[in-house]
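A.B. asks: fold the stuff below for me.
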Amino acid sequence: MEVAYVKLTIENKIGFIEFFHPNRNSMPSDVLLELEQIITTAGNNDDVKVIVLKSGGDRTFCAGASFNELIAIENAETGKHFFSGFANVINAMRKCPKLIIGRIQGKAVGGGVGLAAAADYCFATQYASVKLSELSIGIGPFVIEPVVSRKIGKIAMSQMTIDAETFYSADWAKEKGLYSEVFESTEELDQALNALAGKLTSYNPEALKEMKKVFWQETDHWDALLHDRAGISGKLVLSKFTKDVLKKYR
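C.D. replies: Sure, this is the predicted structure:
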């Protein structure tokens, strides 16, 4: 039986952070917590010059929130705690002093789109379509909205949110700015990713650190903002509408 994990591997000054969950790389609380901690650890490790965020397997990059855990939420406090896990990961990526390259090999849904948006640069394959399905289950992409809107703009974010059951193509995501480059295969993706990451390890780390601060200017309030947004989602997940929808996934 496959077991969920988050791990850090350092190769040639590149810190590869890989997460995995047997259910389409979905995100339960323990995986979110471990991912947040490892991002922080890698950011403070002098042996790491640049970080690559990836998921295990060759299909879905990340299916977003764990529906099994959503179904089990019984009060607003527990709900806020769960969605704060996504807030903490995004804030860890935002505050990490190292540049983070996203490797998006397959579909990204909900929180998975948030992870891609929180990366400083994203490589994707043609199979890496994106969807924000939250409204269709009775909640909304409240926690990830700031980071997604920052990357693709409010109009594209609104389009994805309202058209909640549609997958948007990787080329669409590139056109909007979520992905920097899109490749036909994971082999081509990895070749380009490793080439760029290798170049970045040779650059002045202080310059990279200062540029990262510039990239994320005017987001210092996100610690509070994203946790406030987690509270909204935490309440909505208790609604009868959402509970009825989630019963279909038992």
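
A.B. asks: what's the burial count for the nearest residue to residue 43 once chain neighbours are set aside?
C.D. replies: By the measure of Cβ to Cβ, 6 or more residues apart in numbering, the closest residue to residue 43 outside its immediate chain neighbours is residue 96, 3.8 Å from it. (Each C-beta comes from the backbone N, C-alpha and C, glycine too.) Residue neighbour count, defined by other Cβ atoms under 10 Å, stands at 22 for residue 96.

A.B. asks: from what I can see residue 96 touches residue 39, true?
C.D. replies: Yes. Between residue 96 and residue 39 there is a contact at 5.7 Å, judged by Cβ atoms under 8 Å.

A.B. asks: who touches both of the two?
C.D. replies: Overlap of the contact sets of residue 96 and residue 39 (by Cβ atoms under 8 Å, 6 or more residues apart in numbering) consists of residue 51.

A.B. asks: hmm, back to that, how near is the residue nearest to residue 43 to residue 6?
C.D. replies: Here the criterion is Cβ to Cβ, to the nearest Å. By it, residue 96 lies 15 Å from residue 6.

A.B. asks: these two touch, right, residue 32 and residue 89?
C.D. replies: Yes. Contact criterion Cβ under 8 Å: residue 32 and residue 89 qualify, at 5.7 Å.

A.B. asks: which of those two has more neighbours?
C.D. replies: For residue 32 against residue 89, the residue with the higher neighbour count under other Cβ under 10 Å is residue 89, and the figures read 29 against 24.

A.B. asks: quick one: that one from residue 64, how far?
C.D. replies: Computed as Cβ to Cβ, the residue 89 to residue 64 distance reads 12 Å.

A.B. asks: quick test: name the residue nearest the centre of this structure.
C.D. replies: With distances taken as Cα atoms, centre = their mean, the residue of the chain nearest its centroid is residue 115 (1.3 Å).

A.B. asks: next secondary structure after the helix ranked longest in the chain?
C.D. replies: For the chain, the helix reaching the highest residue count under DSSP state H is reported as helix 76-95. Scanning forward in sequence from helix 76-95, with DSSP states H and E defining helices and strands, the next element found is strand 100-104.

A.B. asks: may I have the strands that pair with that following strand, each with its orientation?
C.D. replies: Strands flanking strand 100-104 in the sheet, each with its direction: strand 50-55 (parallel), strand 121-125 (parallel) (DSSP bridges).

A.B. asks: closest one to residue 170 among those strands?
C.D. replies: Checking the strands paired with strand 100-104 against residue 170 by Cβ to Cβ gives strand 121-125 as the closest, at 5.1 Å.

A.B. asks: so where is the chain shaky, pLDDT-wise?
C.D. replies: Applying pLDDT under 70 to the chain flags residues 1, 250.

A.B. asks: 90 instead, please
C.D. replies: Low-confidence segments of the chain, defined by pLDDT under 90: 1-2, 58, 67-68, 243, 246-250.

A.B. asks: not counting sequence-adjacent ones, nearest residue to residue 122?
C.D. replies: If you skip the residues right next to it in sequence, residue 122 has residue 102 as its closest partner in space, 4.0 Å away by Cβ to Cβ, 6+ apart.

A.B. asks: one more: residue 67?
C.D. replies: residue 249 (4.6 Å).

A.B. asks: now do residue 94
C.D. replies: residue 216 (5.3 Å).

A.B. asks: gap between the closest residue to residue 176 other than its chain neighbours and residue 247?
C.D. replies: For residue 176, ignoring the flanking residues on the chain, the nearest one in space by Cβ to Cβ, 6+ apart is residue 152 at 4.1 Å. As for residue 152, its distance to residue 247 is 32 Å (criterion: Cβ to Cβ).
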